[in-house]
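Undergrad: Next one to model:
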Amino acid sequence: MAGSHFFEPLSGGKYLITNFIGKHNILTKKQYNDFLSGDIIKDKKLYADLTKKGFIRNNMDFERLIDDTRKRYSYLFCGPSLHILVITLRCNHRCVYCHAGSPGVEGGESVDMSKKTAQKAIDFIFKANTPSITIEFQGGEPLLNWETLSFAIAYARKKERELKKKKLTLALVSNLSLLDRKKLTYLIKHRVDICTSLDGPKPLHDGNRVYLGGSSYDVVTQKAARIKREYKKISSRREGRDVQALMTTTKRSLPYATKIVDEYVRQGFEWISLRPLNTFMLPKQTIGDIGYGWEEYVHFYKKAMDHIIALNMRGVHLKERTAWTILKKILFHEDPNYLEMRSPCGAAIGQLAYNYNGDIYTCDEGRMLARNGDNSFKLGNIQSASYKKIMNCEITKSACLASWLDGIPGCNDCAFQPYCGTCPVANWSSYGTLFPPMITTNNCKVQKELFRYFFEKMQNKRVKKLFLGWIK
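TA: Now for the predicted structure:
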């Protein structure tokens, strides 16, 4: 009677069961034994619930299951929707965890993207067979190459008006140090979302993100506040926007989980992203200085999330992005297309990254890897590449195969597989192969702990209600 399913023991003698379309249920030990033996039919309410979710083998509604599966994997029917344009490698910060740009170099325009390359890249981007496109301008510090950045923004909006059939989102990732009133007015006029970095309270942020011109904390908090004020002025005429911020967790961050959360609340942010440190391209000395074990990160994340939940219970509104992604998958059986946590991942088929010189990569991580001399994830150059060839090349196919969890031992029978994802670039860089023993990787260990955390938290009805409110 029991249909195909995955299971995972939870605390309190409970059992989590999931299936390939992402439906789940939490059973007591007796209920799980009854489910396996067929005696679950005696519990009419639970039996009906399990039947509806596709867990009862002899009562499968295949048409509905097919439809649910098609919706869950809808991202596979579209081309890459996220396109990262690296406007320059120059930067005026020396962030301790940086591996994306050329820290401290404000001269040397040879690492700037030209207008010609930007135009060619945007023409290429609009060939993607997807109804929605996001172009994200990154660096270095993209505001250092304002001439090309402003041109690319205007040209992308022009293409949107001409083609009419594609919804375009523009986003800028910046440390805000060079943002003046004129530039901000231009960005708002062209509807460019702005994202910056805030690692926590001033000593922590300034220690992680060293600014050559003074306190990076003072700059980012003051200018983020200015952006918020400008957005409020237009909210009556246009959908209200807000500046977003990301944080990166270093060894220095670990003792300050609650203080980091409180800093985001104090600065008026409604979202926080508790991102782990990306170490796979950092020098060993740097990793020794700011790195940590996966267990330490899990402890940090749980402590921060416990605090976020407690604050929300008291009426303070703050959401965490990884939590939102996981909960969207679990509670609504929908994949929000977060490219690093889907199967297969977003490499090439979900995103493309364009370096300042026009080189195209499967993702920004692939571009960063090339900074260390490894071009394993380079797909071509914008001057000669064709969209069709890039989508059909061996690198794209390999990245898809290496991140398709249904075919990976250790993932294909895991209860958390319907919600999980892996990064082939990180696996290649860290383990020297696209197919490491997945259950031994730090990413797998962290993801399992986070999934288990949220499933157990949701057994509290008040917390589950809060989570449902987050994602509606």
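
Undergrad: For R342, see how far away S403 is.
TA: From S403 over to R342 the distance is 8 Å, taken as C-beta to C-beta, to the nearest Å. Using the backbone N, CA and C atoms, a C-beta is placed for each residue, glycine as well.

Undergrad: what is in contact with the two at once?
TA: G421 (C-beta atoms under 8 Å, 6 or more residues apart in numbering).

Undergrad: List of residues touching stretch 442-452?
TA: With C-beta under 8 Å, 6+ apart as the contact definition, stretch 442-452 has outside contacts at 8, 10, 276, 294, 297-298, 301-302, 322, 326, 341, 410-411, 414, 416, 419-423, 426, 438.

Undergrad: Quick one: residues contacting D364.
TA: By C-beta under 8 Å, 6+ apart, the residues touching D364 are I84, A100, Q138, Q351, A353.

Undergrad: which of these are buried?
TA: I84, A100, Q138, Q351, A353 (16 or more other C-beta atoms under 10 Å).

Undergrad: Which residue is the nearest non-sequential neighbour of the third one?
TA: What sits nearest to Q138 in space, not counting adjacent residues and going by C-beta to C-beta, 6 or more residues apart in numbering, is V173, at 4.9 Å.

Undergrad: how about the helices in the stretch 351-472 of the chain?
TA: For the stretch 351-472 of the chain, the helices defined by DSSP state H, counting those that start in this stretch occupy 364-371, 387-392, 394-402, 424-431, 442-457, 461-471.

Undergrad: who wins for proximity to I133 among those?
TA: Closest of those to I133 is helix 387-392, at 12.9 Å (criterion: C-beta to C-beta).

Undergrad: packing partners for the closest one?
TA: The contact analysis (3 or more C-beta pairs under 8 Å, 6 or more residues apart in numbering; DSSP states H and E) places helix 387-392 against strand 378-381.

Undergrad: and the strand it packs on, what's its mean pLDDT?
TA: In this model, strand 378-381 has an average pLDDT of 97.

Undergrad: Just the buried residues of it, please?
TA: Buried-residue list, strand 378-381, by 16+ other C-beta under 10 Å: K378, L379, G380.

Undergrad: How far off centre is that strand?
TA: 23 Å (C-alpha atoms, centre = their mean, to the nearest Å).

Undergrad: ok, that strand: who's next to it in the sheet?
TA: Sheet pairing of strand 378-381 (DSSP bridges) gives strand 359-361 (antiparallel).

Undergrad: what's the spacing between the partner strand and its chain's center?
TA: 20 Å.

Undergrad: Now do the strands in the stretch 1-150 of the chain.
TA: Ranges of strands in the stretch 1-150 of the chain, per DSSP state E, counting those that start in this stretch, are 6-9, 14-18, 24-28, 82-86, 93-95, 132-138.

Undergrad: so can I have TSV of those showing mean pLDDT and distance to F151?
TA: Shown next, in TSV, are the strands of the stretch 1-150 of the chain (pLDDT from 0 to 100; distance: least, C-beta to C-beta, whole Å):
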stretch	mean pLDDT	distance to F151
strand 6-9	94	50
strand 14-18	96	48
strand 24-28	96	48
strand 82-86	97	11
strand 93-95	93	24
strand 132-138	96	11
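
Undergrad: out of these, nearest to C363?
TA: strand 82-86 (7.9 Å).

Undergrad: Output the contacting helices and strands for the closest one.
TA: Using 3+ C-beta pairs under 8 Å, 6+ apart: strand 82-86 touches helix 115-125, strand 132-138, strand 351-354, helix 364-371.

Undergrad: Report the buried members of the contacts of stretch 442-452.
TA: Of these, these count as buried by 16+ other C-beta under 10 Å: 8, 10, 276, 297-298, 301-302, 322, 326, 341, 411, 414, 416, 419-423, 426, 438.

Undergrad: Just the ones of the residues you listed in strands?
TA: E8 (DSSP state E).

Undergrad: residues contacting Y155?
TA: Y155 touches A118, Q119, I122, counting by C-beta under 8 Å, 6+ apart.

Undergrad: that's a helix at it, yeah?
TA: Yes. The assignment for Y155 (DSSP: H, G, I helix; E, B strand; the rest coil) places it in a helix.

Undergrad: my read: V463 touches I309, true?
TA: Yes. With contact defined as C-beta atoms under 8 Å, V463 reaches I309; the gap is 6.2 Å.

Undergrad: who touches both of the two?
TA: Common neighbours of V463 and I309 (C-beta under 8 Å, 6+ apart) are K457.

Undergrad: so where's the protein uncertain?
TA: 1-3, 100-109, 235-240 (pLDDT under 70).

Undergrad: Please name the nearest non-neighbouring residue to the residue nearest in space to the middle of it.
TA: Ranked by distance to the mean C-alpha position of the chain (C-alpha atoms, centre = their mean), the top residue is Y338 at 5.0 Å. Excluding the flanking residues, the one nearest Y338 by C-beta to C-beta, 6+ apart is T325, at 4.5 Å.

Undergrad: quick one: contacts for the one you found?
TA: By C-beta under 8 Å, 6+ apart, the contact set of T325 is P336, Y338, M341.

Undergrad: any idea how far G22 is from G407?
TA: 18 Å.

Undergrad: that older thread, between the contacts of D364, which is nearest Y47?
TA: Q351 (42.7 Å).

Undergrad: contacting residues around the closest one?
TA: With C-beta under 8 Å, 6+ apart, Q351 has these contacts: P80, S81, L82, H83, I84, L339, T362, C363, D364.

Undergrad: now with 10 Å?
TA: 80-84, 134, 136, 339-340, 345, 361-366 (C-beta atoms under 10 Å, 6 or more residues apart in numbering).

Undergrad: any idea which of those has the most stuff around it?
TA: Using other C-beta atoms under 10 Å as the neighbour test, those are led by T362, with 31 neighbours.

Undergrad: doesn't P344 make contact with it?
TA: No. The pair T362 / P344 is not scored as a contact, 11.2 Å apart, by C-beta atoms under 10 Å.

Undergrad: what's the burial count for I135?
TA: Other residues close to I135 by other C-beta under 10 Å number 22.

Undergrad: how near is it to K44?
TA: 53 Å.

Undergrad: correct me, but K329 touches P418?
TA: Yes. Applying C-beta under 10 Å, one finds K329 in contact with P418, separated by 7.2 Å.

Undergrad: list residues touching both of these two?
TA: Common neighbours of K329 and P418 (criterion: C-beta under 10 Å, 6+ apart): G22, H24, R72, D335, F451.
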